[in-house]
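Asks: here is my input, please return the structure:
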Amino acid sequence: MTGWHLRLWRRSMLWSRERAAAEPGVSLRTYKSYENAEVIKRAVALATVTLSLTGMMPALRTQQLSAERLLQLLGEMTESVSTEI
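Replies: Residues are numbered from 1 along each chain as shown. Just a heads-up that it's a prediction; the model follows:
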């Protein structure tokens, strides 16, 4: 995952940089350095997967998202993280 991908992820979550830094508990300065990096650390990429899944859980509970679709999305997200590292 590159910093550009991280920026796209953050925008898809409709988050400001401040919120994107606060969620995993890093400083705004550190988060900005992630978005400007050629390649980000695997831990940061995995954090994006975790935060994305956390955001999907309410949709699963209300059956707006099927368990099968959630598993498919999880597979796609983790596959992209493991192939880029």
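Asks: this structure: strands as residue ranges?
Replies: The residue ranges that make up strands in the chain, judged by DSSP state E, are empty, as it has none.
Asks: what stretches of it score poorly on pLDDT?
Replies: 60, 80-85 (pLDDT under 70).
Asks: go again with 90.
Replies: For the chain, the stretches with pLDDT under 90 are 1, 12, 49-85.
Asks: what packs against the longest helix seen in the chain?
Replies: Taking DSSP state H as the criterion, the chain has its longest helix at helix 42-61. Helices and strands in packing contact with helix 42-61 are listed as helix 3-12, helix 67-84; criterion 3 or more C-beta pairs under 8 Å, 6 or more residues apart in numbering; DSSP states H and E. Quick note: C-beta positions are derived from backbone N, CA and C, even for glycine.
Asks: please identify the deepest-packed of the ones you listed.
Replies: The densest packing among these, expressed as mean neighbour count by mean count of other C-beta atoms under 10 Å, is seen in helix 3-12 with a mean of 16.
Asks: which outside residues touch that helix?
Replies: Outside of helix 3-12, the residues that reach it under the criterion C-beta atoms under 8 Å, 6 or more residues apart in numbering are Arg17, Ala20, Tyr34, Glu35, Asn36, Ala37, Glu38, Ile40, Val44, Thr48, Ser52.
Asks: relative to Met1, which of those is nearest.
Replies: Set against Met1, the nearest of the contacts of helix 3-12 by C-beta to C-beta is Ile40 (5.3 Å).
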